[in-house]
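**Q** 3D model of this:
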Amino acid sequence: MRVRALAFLLIAAGTGPGIVACAGPARAESIESFYRGKVLTLIVGSDVSGEYTTSARLLARHMPAHIPGDPTMIIQNMPGASSINATNYLYEIAAKDGTVLGLPSKDVVLYQASRMPNTRYKVQGFNWLGSMSGSNNLVVVWAATGVRTIEEARKREVIMGALARNGTLATYPLILNAITGTRFKLVLGYVGSQVIDLAMQRGEVEGKGSYSWANLKRTHPEWVSEHKLNLLVQFGLAKEPDLPDVPLVTELARNDKERAVLTLISSDTVMARPFLLPPGVPGERVAAMRAAFDATMTDPDFLADANAAKVDLAPMPGDALQAVITRIIDTPPEIIDLAQQWMTGD
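**A** Coordinates of the predicted model:
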């Protein structure tokens, strides 16, 4: 009784050493007790067949072991509007207590910056945990078409499959039409990226406006080795090491302003798998989840699993990811306006 009374008096008096001694263990115990027995939901802004779901499942198998309390994690796919619907949900509706995570398209930052319709979220408000990988995106055409270069795509109409008009499957071809005079024609309404792959094989469409190089090597290595696709251009800040002869889109710029726009449009390729928590999650839980994400990226079991699944890794911690996002959002308005014009085909 006397010990309890003394402790109470120390706390009531605001004694510094007594408070500091208790604060660390109490907070750690609070996080562990909060997550113990919880089922965490990872919202993926694409269909079950895509590369984002592969990355989400990989993380869900390993990250819970690094979260205090050892919770479990399940995947919920929320496709639609090139991940905009899922990102709006994470911003507006999802639980803000640290039990819901998100893996939206890397393009949601650029969608907000370029004022894409229906982007009600604010990327600055999210708690970014980190990115699992980065990879350039390619504009590809089925080799049997005979279209091997951007120059040849100027000479005739090339039919490209896409999900909707506001995703990179559509916006990259529209950008090339605007700056190079290519004649890409969009066919919209496909329900998934893999469905477009089948459509290319069947001859329903002739190309695909955005194909991650890492994912192409993982899902269709035979297409790479047998040269079934012609790689016209890559969107990224630097060339992929094994694609030295495929031009960067910035090389197609005709002046400094166009180069600045194309650099903006390419800047999100370094954050190919961005994981986040919704706004409003308590800071200590954000810190715990960031630490868990970072620890997962170096976990030997995780690395072995990623290697077996042929998932390329290039991890980026949350603070570095946040810096990339800030640079995109802070782009000068005139560059944003031109990017929006190109991406919508107006």
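**Q** Read off the pLDDT value for residue 8.
**A** At residue 8, the model reports a pLDDT of 33.
**Q** try residue 274
**A** So residue 274 comes in at 95 (pLDDT).
**Q** what number of residues lie near residue 131?
**A** Applying other CB atoms under 10 Å, we find 27 residues neighbouring residue 131. For glycine as for every other residue, the C-beta is placed from the backbone atoms N, C-alpha and C.
**Q** Go ahead and confirm it touches residue 272.
**A** Yes. With contact defined as CB atoms under 8 Å, residue 131 reaches residue 272; the gap is 6.6 Å.
**Q** Common neighbours of these two, please.
**A** Jointly contacting residue 131 and residue 272 under the rule CB atoms under 8 Å, 6 or more residues apart in numbering are 106, 314.
**Q** how much space between residue 287 and residue 281?
**A** Per CB to CB, to the nearest Å, residue 287 is found 10 Å from residue 281.
**Q** more neighbours, those two?
**A** residue 281 (21 against 14).
**Q** The residue lying closest to that one once chain neighbours are set aside: what secondary structure?
**A** Distance criterion CB to CB, 6 or more residues apart in numbering; nearest residue to residue 281, sequence neighbours excluded, is residue 98 at 4.8 Å. What DSSP: H, G, I helix; E, B strand; the rest coil gives for residue 98 is coil.
**Q** Tell me if residue 312 really is in a strand.
**A** No. Under the criterion used here (three-state DSSP), residue 312 is coil, not part of a strand.
**Q** what's near enough to touch the closest residue to it other than its chain neighbours?
**A** By the measure of CB to CB, 6+ apart, the closest residue to residue 312 outside its immediate chain neighbours is residue 214, 4.0 Å from it. Residue 214 sits next to 51, 133, 135, 272, 311, 312 when contact means CB under 8 Å, 6+ apart.
**Q** Residue 214: which element?
**A** For residue 214, the host element (DSSP states H and E) is helix 213-219.
**Q** centre of the chain versus that helix, how much separation?
**A** 15 Å (CA atoms, centre = their mean, to the nearest Å).
**Q** So which residue is dead centre in this protein?
**A** The residue lying closest to the centre of the chain (CA atoms, centre = their mean) is residue 106, at 2.8 Å.
**Q** one step back: return the distance of the residue nearest to residue 312 relative to residue 189.
**A** Distance, residue 214 to residue 189, using CB to CB: 26 Å.
**Q** same check, this time on residue 123
**A** 27 Å.
**Q** More neighbours: which of those two?
**A** Using other CB under 10 Å as the criterion, residue 123 and residue 189 rank with residue 123 on top: 23 against 10.
**Q** what pLDDT does that one get?
**A** With respect to pLDDT, residue 123 scores 94.
**Q** Need the nearest residue in space to it, chain neighbours excluded.
**A** Per CB to CB, 6+ apart, closest to residue 123 is residue 109, 5.0 Å.
**Q** burial count for that neighbour?
**A** Burial of residue 109 is recorded as 28 neighbouring residues (other CB under 10 Å).
**Q** what secondary structure does it sit in?
**A** Residue 109 is classified as helix under three-state DSSP.
**Q** unless I'm mixing things up, it is touching residue 326, no?
**A** No. With contact defined as CB under 8 Å, residue 109 and residue 326 do not form a contacting pair (9.6 Å).
**Q** What is the least confident helix or strand in the chain?
**A** When the helices and strands of the chain are compared on mean pLDDT, DSSP states H and E, helix 2-12 comes out lowest with a mean of 37.
**Q** Torsion angles phi and psi at residue 80?
**A** Per-residue torsions, residue 80: phi 140, psi 130 (degrees, to the nearest 10).
**Q** From residue 197, how far off is it?
**A** With the distance defined as CB to CB, residue 80 ends up 20 Å from residue 197.
**Q** Of the two, which one has the most company?
**A** More crowded of residue 80 and residue 197, by other CB under 10 Å: residue 197, with 20 against 16.
**Q** what's near enough to touch the closest residue to residue 184 other than its chain neighbours?
**A** By the measure of CB to CB, 6+ apart, the closest residue to residue 184 outside its immediate chain neighbours is residue 173, 3.6 Å from it. Contacts for residue 173 (CB under 8 Å, 6+ apart) come out as 139, 160, 162, 182, 184, 186, 207, 209.
**Q** just residue 129 next, same as before
**A** Residue 129 touches 101, 275, 276, 277, 289, 290, 293, 318, 321, counting by CB under 8 Å, 6+ apart.
**Q** does it sit in a helix, a strand or a coil?
**A** Strictly by three-state DSSP, residue 129 counts as strand.
**Q** and it, what pLDDT?
**A** Taking residue 129 on its own, its pLDDT is 97.
**Q** if I look at it, how far off is residue 313?
**A** 15 Å.
**Q** Repeat that for residue 146.
**A** 36 Å.
**Q** Who has more neighbours out of these two?
**A** Set residue 146 next to residue 313 and count neighbours by other CB under 10 Å: residue 313 wins out with 16 against 11.
**Q** contacting residues for the more buried one?
**A** Contacts of residue 313 by CB under 8 Å, 6+ apart are 132, 133, 297, 303, 306.
**Q** what helix or strand is the residue lying closest to residue 102 once chain neighbours are set aside on?
**A** Among residues not flanking residue 102 along the chain, residue 90 sits closest, at 4.3 Å (CB to CB, 6+ apart). In this structure, residue 90 sits in helix 84-92 according to DSSP H and E.
**Q** Show residues contacting that helix.
**A** Contacts to helix 84-92, defined as CB under 8 Å, 6+ apart, come from residues 43-45, 78-80, 100, 102, 104-105, 108, 111, 116, 118-122, 125-126, 166, 276, 278-279.
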